[in-house]
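Novice: Sequence plus predicted model, see below.
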Amino acid sequence: MTRNKTALALLGLILVSFTATAAEVKIGFVDMQKAIQETAAGKKAKKELEADFNKKKKELEKKEADIKKMGEDFEKRSMAMNEDARMKKQGEIQMEMRKYQENAAKAQMDIQKRERELTQPIVTKLREILEGIAKKEDFTVILEKAENSVMWAKKEIDLTERLIKDYDSKK
């Protein structure tokens, strides 16, 4: 019984000290993806990325159509071809398909790399501004709102709009 009383007293002390500490804690959160996308620089970067993406997409669609046409032509003529010619043509189509897949993968990697290049300076500046807000207003912690990190929070502690405004005003 004495153990239980001691454990209960210790738990009480922990709760009292936690409550006193919690009163001094100031928490905020920011949606960095939204901040990146809604700053003027982020909107400009998005337009550049979309232009790059659409250009690569158009090139890939043309190549895909060419390969499809090769396949259709092969289907029509394959019965009239001898075995060697049929195997050779089939190999050419497969090689073109592999090239297409490699180009599609490379295009995707290029777009991702370009996105990082365009957004990294924005992220760096946003973090600097956020650090300034945190120090100036004595925040204990500022969390990033991501899909599974901040499930719910009061709108008043959302610093996203302020961060966007501060970013755009510091140009």
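Specialist: It's in. In this text the structure is predicted, and so the values were computed from the model without any measurement.
Novice: Going by secondary structure, the residue nearest in space to the middle of the chain is in what exactly?
Specialist: Residue closest to the average C-alpha location in the chain (CA atoms, centre = their mean): Q33, at 7.3 Å. Per DSSP states H and E: Q33 is located in helix 32-38.
Novice: just how off-centre is that helix within its chain?
Specialist: 10 Å (CA atoms, centre = their mean, to the nearest Å).
Novice: and it, average pLDDT?
Specialist: Here helix 32-38 scores 94 as its mean pLDDT.
Novice: And it, what does it pack against?
Specialist: If you count contacts as 3 or more CB pairs under 8 Å, 6 or more residues apart in numbering; DSSP states H and E, helix 32-38 packs onto helix 40-77, helix 83-136, helix 160-169. C-beta: built from backbone N, CA, C; applies to glycine.
Novice: Check those for me and report the most buried one.
Specialist: Highest mean neighbour count of the helices and strands packed on helix 32-38: helix 160-169, a mean of 17 (counted as mean count of other CB atoms under 10 Å).
Novice: ok so, going back, the helices and strands packed on helix 32-38 into TSV, with extra columns for distance to I27?
Specialist: Shown next, in TSV, are the helices and strands packed on helix 32-38 (distance: least, CB to CB, whole Å):
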stretch	distance to I27
helix 40-77	25
helix 83-136	11
helix 160-169	14
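Novice: so who does I133 touch?
Specialist: When contacts are counted by CB atoms under 8 Å, 6 or more residues apart in numbering, I133 touches F139, I142, L159, R162, L163, D166.
Novice: Return the helix or strand in the protein with minimum mean pLDDT.
Specialist: Taking mean pLDDT, DSSP states H and E as the measure, the chain has helix 2-22 as its least confident helix or strand, at a mean of 52.
Novice: Spatially nearest residue to D138 (excluding sequence neighbours)?
Specialist: K26 (6.1 Å; CB to CB, 6 or more residues apart in numbering).
Novice: One more: Q90?
Specialist: Leaving aside its sequence neighbours, Q90 sits nearest to F74 (CB to CB, 6+ apart; 7.0 Å).
Novice: sorry, back to before: would you mind measuring from the residue nearest to D138 to R86?
Specialist: Separation of K26 from R86 (CB to CB, to the nearest Å): 74 Å.
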